[in-house]
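Enquirer: Pasted the sequence and its predicted model underneath.
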Amino acid sequence: MGHENITEFILLGLFSDEDERIACFVVFSFCYIAILSGNLLILLTISGSRLREQPMYFFLSYLSFMDVCFTSTVAPKLITDLLAQQKTISYNSCMAQMFYAHFFGATEIFILVAMAYDRYAAICRPLHYMVIMSRQVCYVLLMASILGAFLHSILQVLIIIELPFCGPNQIDHYFCDVFPLLKLACMDTSLLVIVIISTTGVLSILTFVALVISYIIILSTLRTHSSQSCRKALSTCGSHITVVFMFFLPLIFTYVPMADSVSNDKVFALFYTMIAPMFNPLIYTLRNTDMKNAMKKIWCQNTQLEEK
């Protein structure tokens, strides 16, 4: 195959206008700092409190970790490229970025499914909850998420690695992703577009539908509960549903039969690479009494210790 002709790609990025790029540099730098600090705050709070013993927070800590990893595969390059004259990325770095973006993103999707399963078990099967969601089950679900994501990502890379790239080498995106790369291949890739839509696209739609159905079941079960437990369950489910919608809708728009609309894909991709990971910590902490109490406990203890 002739992909050795091209050793690097040029990322066209989001904007060509100088002023827009500087404004975006400031905004995205702020977003990235917010993502890192917000998710690290969640990780520290869960690991430093009794919450880590609960399956929901076990998954939430891994979701936060994946958010940090996922955004870090895309954001630093996006931010530095906004000020760079030449936005190049080597062939190998491009393949690596695509692999890790898909790997961390898919792991997040599977963890969101595990969290929905946990809420289902807690609300619909409360008497068997400790058995259904034992620590062993949590680890099995986590390992299955990681393995599933790895298989998904390696498939994407294997598809692209086999393609000949003989020029042009300009990627109409701000990171290396499958569709923009397929456009640059020196062969007919229409069959591969169908393969990717039917794997990634269908995977994201099925997962989204499964999550929505599970939350409908959970919410209909809640009607029989007392108003206090109902309120608490609604607030945790509400935050899960918000995250699911913010993450999945742009993803579905990106990977479902509109493969020609790459310029829109860049805007949609911003949602799941930058905006959703930034709001996740806010959604999970502001709407969650347990998290707020745990934070108060940990950080107030620390300040009291310092005062002593």
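Expert: Here it is on my side, so go on.

Enquirer: give me the number of residues near residue 148?
Expert: For residue 148, the count of nearby residues is 16 (other Cβ atoms under 10 Å). Glycine gets a C-beta too; all of them are placed from N, C-alpha and C.

Enquirer: Using the three-state scheme, assign it.
Expert: Here residue 148 is recorded as helix under DSSP: H, G, I helix; E, B strand; the rest coil.

Enquirer: who's in contact with it?
Expert: By Cβ atoms under 8 Å, 6 or more residues apart in numbering, the contact list for residue 148 reads 106, 110.

Enquirer: could you measure it against residue 137, distance?
Expert: 16 Å (Cβ to Cβ, to the nearest Å).

Enquirer: buried residues in the longest helix seen in the chain?
Expert: Longest helix in the chain, counting residues (DSSP state H): helix 91-124. Within helix 91-124, the residues that count as buried by 16 or more other Cβ atoms under 10 Å are 91, 94-95, 97-124.

Enquirer: Now the helix or strand just after it - C-alpha only, PDB.
Expert: Using DSSP states H and E, the helix or strand that follows helix 91-124 towards the C-terminus is helix 129-132. Below are the C-alpha coordinates for helix 129-132, written out as PDB (Å, rounded to 0.1, in the frame of the first residue of the first chain):
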ATOM      1  CA  TYR A 129     -28.800  -4.700  44.900                       C
ATOM      2  CA  MET A 130     -25.800  -5.700  46.900                       C
ATOM      3  CA  VAL A 131     -25.600  -9.000  45.100                       C
ATOM      4  CA  ILE A 132     -26.300  -7.600  41.600                       C
END
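
Enquirer: tell me the mean pLDDT over helix 129-132?
Expert: Mean pLDDT, computed over helix 129-132, is 90.

Enquirer: tell me what that helix is packed against?
Expert: Contacts defined by 3 or more Cβ pairs under 8 Å, 6 or more residues apart in numbering; DSSP states H and E place helix 129-132 against helix 91-124.

Enquirer: now for the helix it packs on, which elements pack on it?
Expert: Helix 91-124 packs on strand 8-11, helix 55-83, helix 129-132, helix 135-161, helix 178-184, helix 202-222, helix 227-255, going by 3+ Cβ pairs under 8 Å, 6+ apart.
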